[in-house]
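Enquirer: Structure for this input, please:
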Amino acid sequence: MEDFSEFVGLSRPTVSKYFNDPSSVRRKTRDAIEEALRKSGFRPNIFAVNLNRRRSNIIGIVVPVSTDPFYMALTRRIELIANEAGFLAFVLSSDGRAEMEDKAIRTFKSLNVAGAVIAPLGVHSRRTTLDELGDAIPLVYVDSPLDESSAFVGTDNRQSFGLIVDYLCRSGEPPCYFGMPQVNTNAATRRAAYGEAMERLDAEPRIVPVPDAATWDFERFAFEEASRLFEKPDRLPSRTILCANDRLAFGVIAAAWQRGLKVGHGADCDLRVAGHDDHPLSEFACPPITTVAQDYNEIGRLAIELLLRKLSETGEPAAGRDRILLKSELRLRRSA
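Expert: Purely as a prediction, here's the structure:
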């Protein structure tokens with residue numbers, strides 16, 4: 001920056017002012033700087049600039065799996081709104097591993113990020129690292145909360161499972177529950193929400209026995225476990241299967257097809273299968289999956305707006321504004 005200031009013939013504070021906001025300098029000065037940029041090819045190092053600031057304009061995002069459509073939609077929404085607010089969103093994936101989540105958080109600390117949106121592993125997260133980051137900058141958690149007190153934006157699982165369980169009980173045999181691997185707090189929360197919904201309807205909760213696992217390969221996990229289950233149909237607690245998420249439902253439906261079982265709603269069908277989340281491909285599965293829809297875009301919008309608000313607050317935040325649970329909507333399709 002010193003060399004460029006000398007090259008253009010202006011003071012360093014003037015040049016810095018231009019890079020922070022080009023419209024803040026006079027038109028003649030702006031034209032001179034932009035002409036010097038064309039001649040010299042100079043570009044400031046954004047990371048070096050942010051390290052030198054008391055608070056940078058970088059926002060960190062950590063997701064467990066960058067290729068999952070839910071997280072892709074979420075980060076895209078966050079990035080767009082962050083950019084409009086003058087922030088650069090920097091996305092890292094933990095790849096479902098605690099050591100990678102820990103590394104991502106330490107990377108953000110080294111980049112002097114202003115704040116972060118994190119979809120935590122939860123049960124496998126290294127709490128000390130997250131707590132240290134939370135002491136230094138504002139954090140907002142999405143998808144699954146780290147604990148009951150953390151700032152969080154996500155789906156109201158009790159409401160969403162209440163919807164789907166009520167529908168399945170009214171329209172046929174009450175559902176058994178096919179749980180997700182223990183990769184975050186949603187595994188326990190959704191199982192509990194299913195149980196509560198069944199009990200409210202005076203129905204007995206019935207859990208499909210699956211092994212403890214910590215894999216994000218939900219489709220394969222469900223396919224393999226359902227294939228074993230379908231080898232002995234008498235082990236199936238119900239002919240209606242409610243999966244913890246749609247990715248599990250994909251695996252269950254594939255295993256049923258391979259076994260020659262027909263999935264759908266009708267007297268000629270062997271099974272009903274329902275899911276949760278409204279995965280972008282759920283509508284195009286065979287058969288299309290009955291599910292409850294999370295509002296991906298709204299979760300992303302509210303999460304980044306909550307973080308931006310926390311960044312702008314100078315006093316103590318108002319109580320009760322840091323936890324937002326969104327309602328879901330039922331999507332009735334042919335699988336159930």
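Enquirer: who touches Asp102 in this structure?
Expert: Counting by C-beta atoms under 8 Å, 6 or more residues apart in numbering, Asp102 makes contact with Arg126, Thr129. Every C-beta, even on glycine, is put in place using the N, C-alpha and C of the backbone.
Enquirer: Can you give the contact residues for stretch 298-307?
Expert: For stretch 298-307, the external contacting residues (C-beta under 8 Å, 6+ apart) are 59, 73-78, 81-82, 85, 115-117, 138-140, 142-143, 151, 153-155, 321-322, 324, 326.
Enquirer: How about stretch 162-177?
Expert: Under the criterion C-beta under 8 Å, 6+ apart, residues 191, 193-198, 200-201, 203-208, 236-242, 244, 265, 272, 274, 276, 290-292, 328-330, 332, 336 lie in contact with stretch 162-177.
Enquirer: Helices of the stretch 51-200 of the chain, start to end?
Expert: All helices of the stretch 51-200 of the chain, identified by DSSP state H, counting those that start in this stretch, fall at 69-84, 98-110, 127-136, 157-171, 186-200.
Enquirer: Could you identify which of those has the lowest mean pLDDT?
Expert: Per-stretch mean pLDDT for these is lowest at helix 127-136 (a mean of 89).
Enquirer: which residues touch that helix?
Expert: Contacts with helix 127-136, where a contact means C-beta under 8 Å, 6+ apart, come from Glu101, Asp102, Ile105, Arg106, Phe108, Lys109, Ala116, Ile118, Pro120, Leu139, Leu146, Ser150.
Enquirer: for the residue nearest to the fifth one when sequence neighbours are not counted, which residues make a bridge with it?
Expert: Here the nearest residue to Phe108 in space, its sequence neighbours aside, is Gly60; by C-beta to C-beta, 6 or more residues apart in numbering that works out to 3.9 Å. Taking DSSP bridges, one obtains Phe90, Ala116 as the residues bridged to Gly60.
Enquirer: Gly60: neighbour count?
Expert: A total of 24 residues lie near Gly60 under the criterion other C-beta atoms under 10 Å.
Enquirer: contacting residues for it?
Expert: Per C-beta under 8 Å, 6+ apart, neighbours of Gly60: Ala89, Phe90, Leu92, Ala104, Phe108, Leu111, Val113, Gly115, Ala116, Val117, Ile118.
Enquirer: Could you find the closest non-adjacent residue to the third one?
Expert: Of all residues beyond its chain neighbours, the one nearest Leu92 is Ala104 (4.0 Å), with distances taken as C-beta to C-beta, 6+ apart.
Enquirer: was I right about the one you found contacting Val91?
Expert: No: between Ala104 and Val91 there is no contact, the gap being 9.4 Å when judged by C-beta atoms under 8 Å.
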